[in-house]
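1. give me coordinates for this.
(one chain, ligands or ions: 1)
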Amino acid sequence: MQDLFTAASEARQRAYCPYSHFAVGAALLTEDGEIITGCNAENASYPLGLCAERAAVFRAVSEGHRRFRAIAIAGAPEGEAPVQPCPPCGACLQVLAEFCGDAFEIRLADRSYTLRELLPVRFGLTEDAR
Ligand code: THU
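-> Residues are numbered from 1 along each chain as shown. Next up, the predicted model:
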């Protein structure tokens, strides 16, 4: 199976980031072993841009996947190698928490974290969902 961080780095090459010049790729591993990727896509109306992680999650959901094991994230200024860790933003963590359990793995350039480590407390409509 392809390495998840390599898949994220390849997806990063498709990032559309003419405003920030910061390119991000994400690769999501589904429960059944498929890899679904995403990249950030910006817009001239800046707030409309989407992060790579959420692009990957929403694409996966659109393709029928709702359970995931891990995500790898490769991010760096355009033209540089993604060798430094690029943690997901808070909005992406909240979206991941919708579909992923506490042990879901977030793989960065240097090491892995669990979702619960990076988002110990999250919004949920019921106490159980927090
Ligand atoms: N970005 C991501 O793709 N993922 C994150 O978790 C944080 C930031 C993108 C959004 C924007 O296109 C660029 O990085 C700079 O903020």
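
2. tell me, how many neighbours does Cys92 end up with?
-> By other Cβ atoms under 10 Å, 25 other residues sit near Cys92. Any C-beta I mention is one placed from the backbone N, CA and C, and that applies to glycine too.

3. which bits of the chain sit near the ligand?
-> 17, 20, 22, 24, 40, 42, 49, 51-53, 88-89, 92 (Cβ under 6 Å from any ligand atom).

4. which one of the residues you listed has the most neighbours?
-> Ala52 (30 neighbours).

5. on that earlier part again, filter the residues of the chain next to the ligand down to the ones in strands?
-> 22, 24 (DSSP state E).

6. for the residue most central in space within the chain, list the residues it contacts.
-> Of all residues in the chain, the one closest to the mean position by Cα atoms, centre = their mean is Glu53, 2.5 Å from it. Counting by Cβ atoms under 8 Å, 6 or more residues apart in numbering, Glu53 makes contact with 24, 26, 38, 71, 73, 88-89, 92, 95-96.

7. inside helices: which ones of the residues you listed?
-> Using DSSP state H, the subset of the contacts of Glu53 located in helices is 92, 95-96.

8. I am finished for the moment; much appreciated.
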